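Trainee: Quick one, fold the following:
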Amino acid sequence: MASAAASRECESFLVCHINLDRGFRGGERQTELLIRELAARGWRQRLVARRGAILAQRLADVPGLEIRLCSGLLSAAMSIGRPDLVHVHQGRAVYPAYLRRILSGVPYLLTRRVPNPLGKGWLTRRAYRTASKLVAISSAVAQSMSEDLSMAPEDMTLIPSAFDPLPTDPAMAAQLRRQWGGEFIVGNVGALDHTHKGQGDLIEVARQLSGSHPGIHFVFVGSGRDEENYRAQARGLKNVHFSGFQERVGDYLGAFDLFAFPSLKEGMGSVLLDAMDHTLAVVASDAGGIPEVVEQDQTGLLVPASSPDQLGAAILKLYTDPGLRQAMGRAGKQRSDLFRASIMAQRYIAVYRELVG
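Mentor: Residues are numbered from 1 along each chain as shown. Next comes the predicted model:
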């Protein structure tokens, strides 16, 4: 908790967060974690979000947070007002922050969470380069952004994503295991989106193992645009279960024996931190920033993306070696402590104070 002197310093310092996604995925969870950590330290904050956004609904109980809802980019720019600093948490939100900078001189920093190429339009590049600070959640994201903006990765600040422990009800976890059946549960949590999360490769592994290892079951927690395609792909497989979007993800992590994460691209994969905090060994692709979280042969096994055969072999290796799996789980639990939300907040506070002086 911040000292009294630090709290007094923050009282006249207003930070405006802006995130214009209506849904709730990893970036929105990180925004929520940061806002709650800052609120616990006494910071004055404002959030600009779209009408109907899940993030705004979830943060309605945060003390000291003013929520302003908008309907478009111009409305968002007006909603920002005149804070001391704007923190952009999502790609499209950079344009209202850029406009507010032009109109009122309010500085902004931008957190980039994905290693996707930036748009080639001059406005996008101008808006990014005008930011007082560019923050990347992983070296992979920093490298991608630096190439697009012709900047050195060292010119960007690296602040990894974080997690806050998700509670598990042991009775509910046990009930879930009975519901799914099987002796060994391989779990995945994330939006059902193959071009991003690659769960189709994990369903292919389930098909390959359905005959030789029928006791290994695969559980997918989440919803998304490819859900119907995935259900069709898994038709007839008794070892595949879809649980949909869940609020109490900790209960599901507590019911898993192994966490699989076959993403085709990933800025970092903050859900990996949740899995590691639940003492789960991880099998994941080596895409994007994932290797910056999962240490090969220490906290899990990394395989090339889009490689179902190697993904399946890694799963079988940990299935048949419980001692190795448990050792990796313990190591992951220790490593997850480096990514606490309180640590992330302190790093952002340092950036805020640097920019506002």
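Trainee: Sketch out the low-pLDDT regions of the protein for me.
Mentor: Filtered on pLDDT under 70, the chain yields the residue ranges 1-11.
Trainee: repeat that for 90
Mentor: The model of the chain has pLDDT under 90 over residues 1-13, 25, 117, 119-121, 152-155, 182, 357.
Trainee: Check it and tell me which residue is nearest its centre.
Mentor: With distances taken as CA atoms, centre = their mean, G26 lies nearest the centre of the chain, 3.1 Å away.
Trainee: show me the residues around it that make contact.
Mentor: Residues in contact with G26 (CB atoms under 8 Å, 6 or more residues apart in numbering) are R113, S161, G269, S270, V271. (Glycine included, C-beta is placed from N, CA and C.)
Trainee: closest to G224 among those residues?
Mentor: Comparing those against G224 with CB to CB places V271 closest, at 13.6 Å.
Trainee: Show the subsequent helix or strand relative to the helix or strand that C16 is a member of.
Mentor: Assessed by DSSP states H and E, C16 sits inside strand 14-18. Remark: after strand 14-18, the chain's next helix or strand is helix 26-40, criterion DSSP H and E.
Trainee: Off-centre distance for that next one?
Mentor: Computed by CA atoms, centre = their mean, to the nearest Å, the chain-centroid distance of helix 26-40 equals 11 Å.
Trainee: next helix or strand past it?
Mentor: Next along from helix 26-40, by DSSP H and E: strand 44-50.
Trainee: Let me know the angle separating that next one from helix 26-40.
Mentor: If you take axes from the mean of the first three to the mean of the last three CA atoms, to 10 degrees, strand 44-50 sits at 160 degrees to helix 26-40.
Trainee: For strand 44-50, which strands pair with it and how are they oriented?
Mentor: Strand 44-50 has the following sheet partners, assigned by DSSP bridges: strand 14-18 (parallel), strand 65-70 (parallel).
Trainee: will you turn those into JSON lines that also has mean neighbour count and distance to L280?
Mentor: Output for those, formatted as JSON lines (neighbours: other CB atoms under 10 Å; distance: least, CB to CB, whole Å):
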{"stretch": "strand 14-18", "mean neighbour count": "25", "distance to L280": "31"}
{"stretch": "strand 65-70", "mean neighbour count": "17", "distance to L280": "33"}
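Trainee: Relative to L209, which of those strands is closest?
Mentor: Among the strands paired with strand 44-50, strand 14-18 comes nearest to L209, with 44.0 Å by CB to CB.
Trainee: ends of stretch 68-84, how far apart?
Mentor: Its first and final residues considered, stretch 68-84 spans 16 Å by CA to CA, to the nearest Å.
Trainee: Enumerate the positions of that stretch that are buried.
Mentor: Neighbour counts over stretch 68-84 (16 or more other CB atoms under 10 Å) mark R68, C70, A76, A77, M78, S79, I80, G81, P83, D84 as buried.
Trainee: any idea how far that stretch is from the chain center?
Mentor: Taking CA atoms, centre = their mean, one finds stretch 68-84 lying 25 Å from the centre of the chain it belongs to.
Trainee: Kindly report the same for stretch 47-67.
Mentor: How far stretch 47-67 lies from its chain's middle: 19 Å, per CA atoms, centre = their mean.
Trainee: got the contact list for it?
Mentor: Contact partners of stretch 47-67, identified using CB under 8 Å, 6+ apart, comprise 16-24, 28, 31-32, 35-36, 39, 42-46, 68-71, 76, 79-80, 93, 96.
Trainee: okay, how far is it across it, tip to tip?
Mentor: Distance between the two ends of stretch 47-67: 5 Å, counting by CA to CA.
Trainee: still on that earlier bit, if we take the buried residues of stretch 68-84, which one ends up nearest to G244?
Mentor: Nearest to G244 among these is C70, at 29.5 Å by CB to CB.
Trainee: Would you agree the closest one is in contact with R92?
Mentor: No - C70 is beyond contact range of R92, at 11.6 Å (criterion: CB atoms under 8 Å).
Trainee: which residues are in contact with both of the two?
Mentor: Common neighbours of C70 and R92 are listed as L20 (criterion: CB under 8 Å, 6+ apart).
Trainee: rewinding a little: could you dump the strands paired with strand 44-50 into TSV and include distance to E147?
Mentor: Formatted as TSV, the strands paired with strand 44-50 follow (distance: least, CB to CB, whole Å):
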stretch	distance to E147
strand 14-18	25
strand 65-70	32
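Trainee: The buried residues of stretch 68-84: which two are farthest apart?
Mentor: Greatest spatial distance among the buried residues of stretch 68-84 (CB to CB): C70 and D84, at 19.9 Å.
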